[in-house]
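S.K.: based on what follows, work out the 3D shape:
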Amino acid sequence: MHIVVCLKWVPDPLSVEASPFTGAIDRRRLLHRTNLADEGALELALQLAGAGGAVTALTVGPPPAGEAARAALAAGASRAARLWDERLAEPHPQATATLLAAAARALPPADLVLCGARSSDRGSGAVPAMLAELLGWPAVTDVTALALEGGRAAVQRRLARGAREEVAVALPAVLGLEPGLARLRQPALPALLAARRAAVAVWSPGDLGLEALPAPAAVQRAVQPPRPRPRPIFAPDSSLPAHERIAQLIAAGVGAKTGQIHEGPPERLAAELVAFLRERGFIV
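M.R.: As a prediction, this is how the structure comes out:
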């Protein structure tokens, strides 16, 4: 069995710090790691492929993203490649899915493509569905459980409000896995050292037979802090005398609380309370 796993090198959420004044992220403090959901997909691929299968790890991004490929090799992937176009400022879902689909076609035929359901930096969840459309394969997203049964994959997927759905899909297929489905194994030191020395293949669009990559969808990418709602300022009644207007300003328009104190035996107090509630329409 040959399984292709799609990985993304993303900022570590624990290292993200934003300015309290502008909301801008301090990129000097950012650390990066493989997307958590993609790590689970890699571990599940290694388990499903077993000793007689092969796992290919693909990542899209500039040179630092090659660390995700090396981490996959250290964990036990058979091969890894980084896909990138130097003309891209940053990866976007359309270009990512196009590069991954072209790479999957260039590799030996795959039985399964596993992706994280969404990345922690963008969270659009669009890549698995786009990739399946380009490959012409069925897709199942938000997968929370997976088992292979012959030429089919029996999956459980998450629905709204905590519901679950069980479906079977014919292979080959693209599956978008939820985080937490599996925890990536800790590689041994020799495997880590070997992965550091390994040469990670770098494929450009030309290497994959692509003339150009699609442009990103026209979306607003700027992130701004929420604009605070203005607090209404109380204005005193201009028809009142000055001392009363000053009193209203001091009290911020809140009138003094009024009340009555009733004393007497419990029976009379209960009757007065019922009469008060009936008078104001709370009871009939």
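S.K.: isn't there a helix covering residue 68?
M.R.: Yes: counting by DSSP: H, G, I helix; E, B strand; the rest coil, residue 68 is located in a helix.
S.K.: check contacts around it.
M.R.: Residue 68 makes contact with 7-9, 34, 38, 57, 59, 61, according to Cβ atoms under 8 Å, 6 or more residues apart in numbering. To be clear about C-beta, it is placed using only N, CA and C from the backbone, and glycine gets the same treatment.
S.K.: CSV for those residues, including secondary structure, pLDDT and neighbour count?
M.R.: Shown next, in CSV, are these (DSSP: H, G, I helix; E, B strand; the rest coil; pLDDT from 0 to 100; neighbours: other Cβ atoms under 10 Å):
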residue, secondary structure, pLDDT, neighbour count
7, strand, 95, 30
8, coil, 93, 23
9, strand, 90, 24
34, strand, 92, 24
38, helix, 93, 30
57, strand, 95, 29
59, strand, 94, 30
61, coil, 91, 23
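S.K.: in a markdown table: those residues, plus distance to residue 150.
M.R.: Output for the contacts of residue 68, formatted as a markdown table (distance: Cβ to Cβ, whole Å):
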| residue | distance to residue 150 |
| --- | --- |
| 7 | 28 |
| 8 | 31 |
| 9 | 35 |
| 34 | 31 |
| 38 | 27 |
| 57 | 26 |
| 59 | 30 |
| 61 | 36 |
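S.K.: and those, which is closest to residue 189?
M.R.: residue 34 (18.9 Å; Cβ to Cβ).
S.K.: how far away is that closest one from residue 12?
M.R.: Noted for residue 34: a distance of 10 Å to residue 12, by Cβ to Cβ, to the nearest Å.
S.K.: what's the weakest-modelled helix or strand in the chain?
M.R.: helix 242-250 (a mean of 84; mean pLDDT, DSSP states H and E).
S.K.: now do the buried residues in stretch 105-123.
M.R.: Along stretch 105-123, these residues count as buried under the neighbour rule (16 or more other Cβ atoms under 10 Å): 110-120.
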